[in-house]
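# Fold the stuff below for me.
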Amino acid sequence: MIKKLLIIFFVVLLFSCADSSSGSTIDYGDSHMPGSVELDDANWSITFQDDFEGTGDADSSKWEQQEYNRRNNDNGPDGYWDADYVSLDGSGNLDISVDEIDDRNGDGDSTDYATAMVRSKGYFSQTYGKFEASCQLPEQSGWWVAFWLFPDDGTEPVGGTYGTGTDGTEIDIMEAWGWTDSIQSALHYDGYGDQHVSISYKQEVSGVSDGFHTYSLVWTPAQYVFYVDDVETYRVTDADFISHVPSYVKLTGEILTADWALMDSWASSLPDDYGPDHFLVDWVRVYEYQTPDTE
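Numbers count the residues shown, from 1 in each chain. Predicted coordinates:
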């Protein structure tokens, strides 16, 4: 069931990620792309890709990383983003891992945790198109992973006018856990404070926690259509949620030790013997729609 609601404080913590970018973009107007396009349309043209070949760091001409206390918990262990927890594994995958670490900020926690992220901010962003990634979900509970898009100028409304996501919507193509076959897609706009608006759809996709699967979004001026392994899972046509501004790609791991995050409705409990665990991405591809030549 699709729900539209104002997000209360604890969900604000979950999705808060105010980013901005001045990087180059692919941005084309409404007239360039029809309102409805099939996933397998022959007119898709690739604009960005990474097959994650080699070893060491992710390609620095395509991706940047953030490092900070991503999921602070004043009453328990913190969850950091740390560049040491993302690398190319030598088998054609980006490996975002998670593990238990020593108390990092000296606040007296018995332990902290670290995972990682990459994003194409400053290197690539695009308005509309087809966005795909082939991923293998982790195995352990206690953390979650995501493939998502974020507006170059964030989700706060341009000019301070609230009430629509047309000027910037966070698009969560896939949020997943790995210990369950649940997959969630979600949309967020109007920042992450009292005005924050969101819809999401969570469902069971049989077998998705085993092996690699392809997660896709077709974003047009009129709708978002989400897919798992080329099968449609969710469609949004509400004009308030359709962004018309460039967004960049993000691949992330997240770990938060607050009680609500460790409920079975989200990340579930932290195992006693925790980590390391891995989120693998085989490839990422982005396409724009090329208007067919009718001459």
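# Next, count neighbours for T214.
17 (other CB atoms under 10 Å). Glycine gets a C-beta too; all of them are placed from N, C-alpha and C.
# That one contacts F226, doesn't it?
No: counting by CB atoms under 8 Å, T214 does not reach F226; the two are 11.6 Å apart.
# Find me the pLDDT at the residue nearest to the spatial centre of the chain, would you?
With distances taken as CA atoms, centre = their mean, W148 lies nearest the centre of the chain, 2.4 Å away. pLDDT, the model's per-residue confidence, is 98 for W148.
# Against D102, how distant is it?
Relative to D102, W148 is positioned 30 Å away (criterion: CB to CB, to the nearest Å).
# do the same with G253
Counting by CB to CB - G253 and D102 are separated by 19 Å.
# Also P138?
P138 is 22 Å from D102, by CB to CB.
# what is the residue nearest to the centre of the chain paired to in the beta sheet?
D172, K250 (DSSP bridges).
# Confirm for me that it is in contact with E170.
Yes: the criterion here is CB under 8 Å, and W148 meets it with E170 at 6.7 Å.
# And the longest strand belonging to the chain, how far out from the chain middle?
Ranked by residue count under DSSP state E, the longest strand found in the chain is strand 277-289. Its chain's C-alpha centre and that of strand 277-289 lie 11 Å apart, by CA atoms, centre = their mean, to the nearest Å.
# rounded to a whole number, what's the mean pLDDT of that strand?
What strand 277-289 shows for mean pLDDT is 98.
# Quick one: list the elements packing against it.
With contacts taken as 3 or more CB pairs under 8 Å, 6 or more residues apart in numbering; DSSP states H and E, strand 277-289 sits against strand 44-50, strand 94-101, strand 129-136, strand 144-151, strand 247-254.
# now for those strands, which one comes closest to W266?
strand 144-151 (7.2 Å; CB to CB).
# can you give me the angle that closest one makes with strand 277-289?
30 degrees (axes from the mean of the first three to the mean of the last three CA atoms, to 10 degrees).
# more neighbours, P138 and D102?
Higher neighbour count among P138 and D102: P138, with 26 against 9, using other CB under 10 Å.
# got a list of what that one touches?
Contacts here follow CB atoms under 8 Å, 6 or more residues apart in numbering; on that basis P138 touches 98, 145, 177-179, 253, 277-279.
# rerun at 7 Å
145, 178, 277-279 (CB atoms under 7 Å, 6 or more residues apart in numbering).
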